[in-house]
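Enquirer: Here's a sequence, model it:
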Amino acid sequence: MIQTASLVGLVKTVLIIILAYSIFKYITRLLAPWILRSMAKKMAKKFNQPPSNYNSSNEGDVSIDKSVKKQRSKKDVGEYIDYEELD
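Expert: Residues are numbered from 1 along each chain as shown. Next comes the predicted model:
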């Protein structure tokens, strides 16, 4: 049996979509301040923590960390020749 679309069914579908959108918008308005407040608390807590690479050494102590230098490859690419262009 073939069913055809009716105007009443279309109106019901549109009303359900509008109702669902309105409910979603209302709920987000209620929950948005709570979500933003919790995010702000997390960011403030993270901001107030000392950095992970922070060393608690005495003030005035100096430490020097040497970095490892990479070895350059000694490929012989040939002799460099400086030249001038003639007009």
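Enquirer: Got the phi and psi for Phe24?
Expert: phi -60, psi -40 (degrees, to the nearest 10).
Enquirer: Burial check on it, number of neighbours?
Expert: Neighbour count for Phe24, taken as other Cβ atoms under 10 Å: 10. Glycine gets a C-beta too; all of them are placed from N, C-alpha and C.
Enquirer: quick one: contacts for it?
Expert: For Phe24, the contact set (Cβ atoms under 8 Å, 6 or more residues apart in numbering) is empty.
Enquirer: Local confidence estimate at it?
Expert: We have a pLDDT of 96 for Phe24.
Enquirer: got it, and the one 4 residues further on?
Expert: pLDDT, the model's per-residue confidence, is 94 for Thr28.
Enquirer: Okay, and the spatially most central residue of the chain sits in which element?
Expert: Nearest to the mean C-alpha position of the chain, by Cα atoms, centre = their mean, lies Met43 at 14.1 Å. Element membership for Met43, per DSSP states H and E: helix 7-48.
Enquirer: Give me the distance between the residue nearest to the centre of the chain and Ala32.
Expert: Distance, Met43 to Ala32, using Cβ to Cβ, to the nearest Å: 16 Å.
Enquirer: Where does pLDDT dip in this structure?
Expert: Along the chain, segments meeting pLDDT under 70 span 1-2, 51-58, 70-77, 87.
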